[in-house]
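Peer 1: got a structure for you, letters missing:
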Ligand code: SF4
């Protein structure tokens, strides 16, 4: 029942805002296994399992070892020394992150006797589509106590982290939307801690904090509903227009540039031959093949 309803999230709406076609073609994904995603997933599993163990009174050292085992399991114990994001590099990144930000200083926020790790939500926006509420979903790594603050926490892994890394996060709708979601569970977040975890390079891991006051959440909700209405309009009209701005060439270039250059009647065949077709279930993150 839930999957028949329209579920949006930050990624869907911000892609749609960049270019309507990115929504129309959101089910198409590159065929090659993305090693960057795999390394990020291994780190996420390690952080989750070590934090859970530590919150359940395992010693920090043993909890860290549980995290390392999660990484080794993820790669089936096989290291590829030529892979910049292979097993040994990811283990190094995890150890370096724990050396910089010790597990003993990570105080998971508890609710109903459980640590808030891998927090996810699906909540209705004040908007309907075909008689059903439009839902907004989000998922982030943890809620933690930080001094006298209650903060969301998200780990962001990448190959390198530069000195300006902390400057890119303020006012990000992604985090303001998470704070809106947490409110529905009676948790008022003061802000978000974002941890940058480099897998290579000399720059150490970094953390930065951004704040999510209620006036930003109010503005976020108005903007999100406005954008979702535009999206509903596109869905009803079955019209998704191309970008007229710099989206085609920004961030190294959109993966659909070749397709968009073709005569419209040839595009679908090319999409189906060059990309894998599946959607991601926003609740379970499982692939739904198309
Ligand atoms: S290439 Fe440009 S128009 Fe085509 S989907 Fe990408 S951003 Fe949109």
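Peer 2: Structure received. Values in this document were obtained by computation on a predicted structure and should not be read as measured data.
Peer 1: My understanding was that residue 107 contacts residue 144; is that so?
Peer 2: Yes: counting by C-beta atoms under 8 Å, residue 144 is a contact partner of residue 107 at 5.6 Å. All C-beta atoms are positioned from the backbone trio N, CA, C, and that covers glycine.
Peer 1: More neighbours: which of those two?
Peer 2: residue 144 (21 against 14; other C-beta atoms under 10 Å).
Peer 1: wait, what's in contact with the residue nearest to that one when sequence neighbours are not counted?
Peer 2: Closest residue in space to residue 144, ignoring its immediate chain neighbours: residue 153 at 5.1 Å, by C-beta to C-beta, 6 or more residues apart in numbering. With contacts defined as C-beta atoms under 8 Å, 6 or more residues apart in numbering, residue 153 is in contact with 140, 141, 142, 143, 144, 192, 193, 194, 195.
Peer 1: tell me which element residue 153 falls in.
Peer 2: Using DSSP states H and E, residue 153 sits in strand 149-158.
Peer 1: What residues of that strand count as buried?
Peer 2: Buried residues in strand 149-158, counted by 16 or more other C-beta atoms under 10 Å: 150, 151, 152, 153, 154, 155, 156, 157, 158.
Peer 1: If we only consider those residues, which is nearest to residue 100?
Peer 2: Distance to residue 100, by C-beta to C-beta, is smallest for residue 155 among those, at 12.5 Å.
Peer 1: tell me the contacts of the closest one?
Peer 2: 43, 44, 47, 141, 195, 197.
Peer 1: tell me, how many neighbours does the residue in the stretch 51-200 of the chain positioned nearest to the ligand end up with?
Peer 2: The stretch 51-200 of the chain approaches the ligand most closely through residue 173 (19.1 Å), counting by C-beta to the nearest ligand atom. Using other C-beta under 10 Å, residue 173 has 18 neighbouring residues.
Peer 1: unless I'm mixing things up, it is touching residue 221, no?
Peer 2: No: using C-beta under 8 Å, residue 173 is not in contact with residue 221, being 10.4 Å away.
Peer 1: Now for residue 91, how many residues are close by?
Peer 2: 19.
Peer 1: tell me the contacts of the closest residue to it other than its chain neighbours?
Peer 2: With C-beta to C-beta, 6+ apart as the criterion, residue 91 has its nearest non-adjacent residue at 5.5 Å, and that residue is residue 71. Shown in contact with residue 71 (C-beta under 8 Å, 6+ apart): 42, 43, 45, 46, 87, 90, 91, 94.
Peer 1: Return the backbone torsion pair for residue 71.
Peer 2: Per-residue torsions, residue 71: phi -70, psi -50 (degrees, to the nearest 10).
Peer 1: Just the pLDDT at it, thanks.
Peer 2: You'll see residue 71 listed with a pLDDT of 97.
Peer 1: The longest strand seen in the chain - which strands sit beside it in the sheet, and in what orientation?
Peer 2: Using DSSP state E, we find that the single longest strand of the chain is strand 132-146. With DSSP bridges as the test, strand 132-146 is paired with strand 7-8 (parallel), strand 107-108 (antiparallel), strand 117-129 (antiparallel), strand 149-158 (antiparallel).
Peer 1: Could you pull out the buried residues of that strand?
Peer 2: 134, 135, 136, 137, 138, 139, 140, 141, 142, 143, 144, 146.
Peer 1: so residue 121 bridges to which residues?
Peer 2: Under the criterion used (DSSP bridges), residue 121 bridges to residue 138.
Peer 1: Now for the residue of the stretch 1-150 of the chain found nearest the ligand: which residues touch it?
Peer 2: With C-beta to the nearest ligand atom as the measure, residue 19 is the residue of the stretch 1-150 of the chain nearest to the ligand, at 3.3 Å. Contacts for residue 19 were tallied using C-beta under 8 Å, 6+ apart; they are 242, 243, 247, 248, 254.
Peer 1: One more pass at 6 Å, please.
Peer 2: 243, 247 (C-beta atoms under 6 Å, 6 or more residues apart in numbering).
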